[in-house]
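K.L.:
Below are the sequence and a predicted model; questions follow.
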Amino acid sequence: MLNHERKTRLLSILSDAGSIVAKDASRELEVSEDTIRRDLRELARDGRLKRVHGGAVPVAEANAPFAARIGIAPPEKIAIGKRAAAMVEPGQVVFVDGGTTALQLARSLPAQLSATIITHSPNVAMELLNHSNLDVEIVGGRLLRHSVVTSGAATIAWLDRYRPDICFIGATGLHPDQGITTGVSEEAEVKRAIIAKSGSAIILASSEKFGAVSSFKIGDWRDVDGLIVAGEARPRALELFGHLECEIHSDENA
């Protein structure tokens, strides 16, 4: 089998199975594990997959900059945002992460809701400008232009003053074995910090993130309380994550 044929077959295995185990692939393709590992390194360098110990998993599509992510799965993100907004109760203190799905959450909050919203996203804060009954607190720090959120030591220190009732967190990779990940180290630190301080932590999960892995870990599944997915993505979410210690919410059971 030629090199390009072998790589095509590896990508097919990844698409069908959701992961590649180097030992199994070497047997199936009748080549050495070293050959498979070399192929996986080259495919990873080309951005076709993400290498992990013992094999590979899909690369997270959602690692793109904020402006590019606006167009990824917009109907799903609207549905997820509405379901998340329905979970916010009057009088709560709520942390809303940055990202395109979090923006949909902000757009879906009732106009008369009385609550406190904490965010490190200027876009989320601006979306809530005309919600006169909301107290909106913006967390300071260094602006990450890639994601349009604040981050760094100042942001982490600022977050220490809060104990939200619930937080809604974005991620770029959701994998049953590799956990919850994102593509920027500073963002992972902020997400970990607020999850640890919140009474409940909910992940906003559009389906392009299912089974994908990014470079920086936010946490394990035991660290969060639930996922919100779109109704049409619920069967796949149950297949991947239903056995984990994490409740799966969707717009179908809103």
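P.N.:
Nice, I can see it. Numbering: from 1, shown residues only.

K.L.:
Student question: in this protein, what's the helix or strand with minimum average pLDDT?
P.N.:
Of all the helices and strands that make up the chain, helix 66-69 has the lowest average by mean pLDDT, DSSP states H and E, namely a mean of 52.

K.L.:
what comes up buried for stretch 37-51?
P.N.:
Arg37, Asp39, Leu40, Leu43, Arg48, Leu49, Lys50, Arg51 (16 or more other CB atoms under 10 Å). No exception for glycine: its C-beta is placed from N, CA and C like everyone else's.

K.L.:
and the longest helix for the chain?
P.N.:
As assigned by DSSP state H, the longest helix anywhere in the chain is helix 3-17.

K.L.:
what's that one in contact with?
P.N.:
Residues outside helix 3-17 that contact it (CB atoms under 8 Å, 6 or more residues apart in numbering): 1, 20, 25, 28-29, 31, 35-36, 39-40, 42-43, 48-49, 56-58.

K.L.:
change it to 6 Å
P.N.:
Taking contacts as CB atoms under 6 Å, 6 or more residues apart in numbering, the residues outside helix 3-17 that touch it are Ile20, Leu29, Asp39, Leu43, Leu49.

K.L.:
Out of the residues you listed, name the ones that lie in strands.
P.N.:
Ile20 (DSSP state E).

K.L.:
What is the neighbour count of Leu103?
P.N.:
Residues within reach of Leu103, counting by other CB atoms under 10 Å, total 22.

K.L.:
I meant Asp177, not that one.
P.N.:
Number of residues near Asp177 (other CB under 10 Å) recorded here: 10.

K.L.:
That one sits in which helix or strand?
P.N.:
Per DSSP states H and E, Asp177 falls between elements, in no helix or strand.

K.L.:
go on, Arg37?
P.N.:
helix 33-45.

K.L.:
so that helix versus helix 3-17, what angle?
P.N.:
Here the directions of helix 33-45 and helix 3-17 differ by 80 degrees (axes from the mean of the first three to the mean of the last three CA atoms, to 10 degrees).

K.L.:
where does His243 fall, phi/psi-wise?
P.N.:
phi -90, psi 0 (degrees, to the nearest 10).

K.L.:
What is the neighbour count of it?
P.N.:
Using other CB under 10 Å: His243 sits among 10 other residues.

K.L.:
How about Glu187?
P.N.:
26.

K.L.:
residues in contact with the one residue sitting closest to the centre of the chain?
P.N.:
Centroid check for the chain by CA atoms, centre = their mean gives Ala171 as the closest residue, at 1.6 Å. If you count contacts by CB under 6 Å, 6+ apart, Ala171 has them with Ile180, Thr182, Ile203, Ile218.

K.L.:
want to throw these into CSV with distance to Lys7 and neighbour count?
P.N.:
CSV is the format used below for these (distance: CB to CB, whole Å; neighbours: other CB atoms under 10 Å):
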residue, distance to Lys7, neighbour count
Ile180, 29, 30
Thr182, 27, 29
Ile203, 32, 29
Ile218, 30, 26
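
K.L.:
Tell me which two of these sit farthest apart.
P.N.:
Thr182 and Ile203 (10.9 Å; CB to CB).

K.L.:
hang on, the earlier thing: and the next helix or strand past the least confident helix or strand of the chain?
P.N.:
Criterion used, DSSP H and E; the element after helix 66-69 is helix 74-86.
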